[in-house]
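>>> any chance you can model this:
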Amino acid sequence: MADPVDQASFAQLVTRFGALLDSWEAVLRQVLVQDLSGAGPWALSEADHGGKSLLVSNGAATASITLNLPAGAAVGTLILADQIGTAPVRLVPANGEVLHHRLGHNGTAGQWASLHAKCIRPGEWLLAGDTAVVG
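Model (predicted):
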């Protein structure tokens, strides 16, 4: 049978567990969220960008930021992009691939807009979210 735990030991254990959780939260943020700052164009890849929340900004610039979707992505690959700056974000499929949207949109609708593109078939992406046509 294990020795009983006194209140001071238990409090220490709780403190150490809290610190461990804080460490894991920082690690998860690095794995799940990525900042893309600058004009780009950014060549996205499944390994580096798929499934992560991309926070996209070019400071106060207003020229659009181009995100090139990964060529030959696996079906189910998900690209998530959030426009946190004033520059609109434009998604461009690889040569010979298609980006579908029911209204022909290809990017974010404005600052604080969020969108996602999902590879639905080989060479085909479906765009959804707060979208617009970005030149």
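>>> and R102, how far from N58?
From R102 across to N58, the span is 28 Å (CB to CB, to the nearest Å). Glycine gets a C-beta too; all of them are placed from N, C-alpha and C.
>>> which of the two has more neighbours?
More crowded of R102 and N58, by other CB atoms under 10 Å: N58, with 21 against 9.
>>> who touches the more buried one in this structure?
By CB atoms under 8 Å, 6 or more residues apart in numbering, the residues touching N58 are 37-40, 65, 85-87.
>>> repeat the analysis, applying 6 Å as the threshold.
38-39, 65, 85, 87 (CB atoms under 6 Å, 6 or more residues apart in numbering).
>>> now those: which count as buried?
Among the contacts of N58, those buried by neighbour count (16 or more other CB atoms under 10 Å) are 65, 85, 87.
>>> can you give me the strands in this protein?
Per DSSP state E, the chain carries strands over the ranges 33-37, 42-43, 53-57, 65-68, 78-83, 89-92, 98-100, 107-108, 114-121, 124-129, 131-132.
>>> and the fourth one, which strands flank it?
Going back to what we said before, that points to strand 65-68. strand 42-43 (parallel), strand 89-92 (parallel) (DSSP bridges).
>>> so what touches it?
Strand 65-68 has contacts (CB under 6 Å, 6+ apart) with 40-44, 56, 58, 87, 89-92.
>>> repeat for stretch 126-135
Applying CB under 6 Å, 6+ apart, the contact partners of stretch 126-135 are 64, 88, 90, 99-101, 105-107, 109, 113-118, 120.
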